[in-house]
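Engineer: how does the following fold in three dimensions:
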Amino acid sequence: MRTGGTFGCLIRFALANIRRRPERFVLSVLGIALAIACVTVVRTISASFAITGADSVTDVLGDAQLWVVPAAGVHYDNEARALVADGPPPAFDLPDGWHGRMTISGVTVIDGAAVSLRGGDEIPSGQAVLGSGLAGRLGVA
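Structural biologist: Modelled structure (predicted):
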């Protein structure tokens with residue numbers, strides 16, 4: 001009858017291999033330690049960049065506005081005389097302490113004139129608010 005079971009056999013096998021090739025054991029341990037150290041250093045650098053990045057965005061912006069645009073970007077439409085977003089609006093979670101306002105934009109044609117439409121949280125559904133420049137272009141009050 002054997003004593004120690006499978007775990008005991010594995011331990012005896014490992015110790016025999018360490019005694020037979022100690023340089024291989026030392027190099028293996030150093031390799032594992034180096035890998036753990038590298039992962040720790042990279043994670044630490046990454047975390048500090050994330051913290052520094054968030055702080056620098058806040059420092060740079062101050063009270064200024066930050067625009068989040070779709071992945072497709074934006075373009076200036078000469079006919080509508082407006083900056084128009086390309087593609088669907090992006091999903092965006094505001095960081096704690098920040099305030100946001102969603103504005104959806106597009107272009108439509110009214111009486112043969114291309115106009116920029118903007119929708120936002122503060123404008124009730126079914127209503128349109130015209131700026132004085134657009135009202136003048138369309139000839140409405």
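Engineer: and the helices in this protein?
Structural biologist: Here the chain has its helices, by DSSP state H, at 5-20, 22-61, 132-138.
Engineer: make CSV out of the ones you listed and add distance to residue 101 and mean pLDDT.
Structural biologist: Yep, even glycine has a C-beta here, placed from its N, CA and C like the rest. Compiled in CSV, these are given as follows (distance: least, Cβ to Cβ, whole Å; pLDDT from 0 to 100):
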stretch, distance to residue 101, mean pLDDT
helix 5-20, 63, 90
helix 22-61, 15, 89
helix 132-138, 20, 77
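Engineer: what's the closest of these to residue 76?
Structural biologist: Closest of those to residue 76 is helix 132-138, at 15.4 Å (criterion: Cβ to Cβ).
Engineer: residue 140 and residue 132 touch, don't they?
Structural biologist: No - using Cβ atoms under 8 Å, residue 140 and residue 132 do not qualify as a contacting pair, with a distance of 10.7 Å.
Engineer: which of those two has more residues huddled nearby?
Structural biologist: Higher neighbour count among residue 140 and residue 132: residue 140, with 10 against 7, using other Cβ atoms under 10 Å.
Engineer: what does the pLDDT read for that one?
Structural biologist: Residue 140 carries a pLDDT score of 77 in this model.
Engineer: apart from its chain neighbours, what residue comes closest to the residue nearest to the spatial centre of the chain?
Structural biologist: By Cα atoms, centre = their mean, the chain has its centre lying nearest to residue 92, at 8.5 Å. In this structure, residue 92 finds its nearest non-sequential neighbour in residue 68, 4.9 Å apart by Cβ to Cβ, 6 or more residues apart in numbering.
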